[in-house]
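Chemist: prediction below, plus the sequence it came from.
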Amino acid sequence: MLQGIYTAASGMLAHEAMSEVISNNLANASTPGFRQDFATFHMAGQKPDAKGGAALSPMLVFRSYTDFELGSVRTTGNPLDLSLADDGNGFFTVDTPKGERYTRAGNFTLSPSGTIVTANNLPVLGTAGPITANGGDIEITDTGEVYVDKNYVDRLKIVRFDRVDGRVPLRKAGNSLLTPLDDQTIPQIATDPQVRQQTLEGSNVNMVQEMAKLIHMVRGYEAYQRAILVSDNSLNMLIQRVGGGN
């Protein structure tokens with residue numbers, strides 16, 4: 001009965017973690033360039049405890065991944081709204097106090113000094129560093145070249161990453177930014193970035209699917225909760241019978 005309680009408790013924890021992932025996806029369904037996460041869990045096999053005693057109860061192991069499939073793209077008419085028409089593995093490069101970070105969120109603006117920045121006021125990098133675009137007419141070509149009043153300024157630093165097991169090896173760093181999973185993950189300059197000016201990529205969250213998954217997770221959590229109550233009641237009855245000498 002105790003093993004049943006432990007297993008059900010691990011199931012509740014896994015479902016709670018998955019519900020948090022889904023809730024975060026739903027909260028960012030309208031965030032430009034947001035990449036949804038998807039979560040999985042599996043039952044770990046039984047194995048003896050550290051002292052070689054009885055096998056421990058199997059536990060549900062939770063893992064989450066980021067989905068880098070493309071989001072929907074809409075036309076905005078804003079010259080500093082940019083999207084990437086690729087396979088989802090191209091990223092704008094952003095300068096941060098912690099070093100370079102990467103993003104699909106192309107809702108850029110101009111700082112008071114004329115530097116192209118993200119929505120969180122972080123400089124967007126070109127091949128020569130932060131891009132200053134002082135002037136009237138800003139044109140950004142399909143290859144990422146930035147022109148101001150017909151004068152060439154710089155080229156956007158757009159990078160790609162070698163996929164590992166079919167996945168882009170990046171993790172979230174907050175504020176729609178991404179960072180490599182480890183020091184061995186090296187960005188490569190994209191040779192065919194396919195920049196689209198005056199368009200903006202939205203999130204890749206499917207709200208209907210996420211709502212359905214959330215309902216499923218809540219029901220699963222409740223089922224594990226009921227299982228714990230049943231096991232606890234059975235354990236109490238056993239203790240009462242043993243204690244009463246029956």
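Modeler: Yep, that arrived.
Chemist: after the helix or strand of the chain with the lowest mean pLDDT, next one along is what?
Modeler: Of all helical and strand segments in the chain, the minimum by mean pLDDT, DSSP states H and E falls on strand 60-66, at a mean of 75. Where DSSP states H and E defines the elements, the next helix or strand beyond strand 60-66 is strand 73-75.
Chemist: and that following strand, what other elements does it pack with?
Modeler: Judged by 3 or more CB pairs under 8 Å, 6 or more residues apart in numbering; DSSP states H and E, strand 73-75 is in contact with strand 199-201. For glycine as for every other residue, the C-beta is placed from the backbone atoms N, C-alpha and C.
Chemist: on contacts alone, who are the packing partners of the next helix or strand after the strand it packs on?
Modeler: Using DSSP H and E, the next helix or strand after strand 199-201 towards the C-terminus is helix 207-243. Packing partners of helix 207-243 (3+ CB pairs under 8 Å, 6+ apart): helix 2-27.
Chemist: list the buried ones in the helix it packs on?
Modeler: 4-15, 17-19, 21-22, 24-25 (16 or more other CB atoms under 10 Å).
Chemist: which helix or strand contains residue 92?
Modeler: Take DSSP H and E as the rule and residue 92 turns out to sit in strand 91-96.
Chemist: and the next element down the chain from that strand?
Modeler: Sequence order places strand 99-103 as the next helix or strand after strand 91-96, per DSSP H and E.
Chemist: just to revisit the earlier point, so for the strand holding residue 92, what's the average pLDDT?
Modeler: Taken as a whole, strand 91-96 carries a mean pLDDT of 98.
Chemist: packing partners of that strand?
Modeler: Strand 91-96 sits against strand 82-84, strand 99-103, strand 125-126, strand 158-160, strand 177-180, with contacts defined as 3+ CB pairs under 8 Å, 6+ apart.
Chemist: what's the offset of the longest one from the middle of its chain?
Modeler: Relative to the chain's own centre, strand 99-103 is displaced by 14 Å; criterion: CA atoms, centre = their mean, to the nearest Å.
Chemist: quick check: next helix or strand after it?
Modeler: strand 109-110.
Chemist: which intervals of this protein have sub-threshold pLDDT?
Modeler: 1-4, 6-7, 42-62, 232, 235, 238, 243-246 (pLDDT under 70).
Chemist: give me the domain ranges for it.
Modeler: Domain segmentation of the chain under automatic domain parsing yields 2-67+205-243, 73-201.
Chemist: most packed of these?
Modeler: Mean neighbour count (mean count of other CB atoms under 10 Å) peaks for domain 73-201 among these, with a mean of 17.
Chemist: for residue 18, give me its contacts.
Modeler: 39, 41, 62, 213, 217 (CB atoms under 8 Å, 6 or more residues apart in numbering).
Chemist: residue 110 now?
Modeler: By CB under 8 Å, 6+ apart, the contact set of residue 110 is 80, 116, 117, 133.
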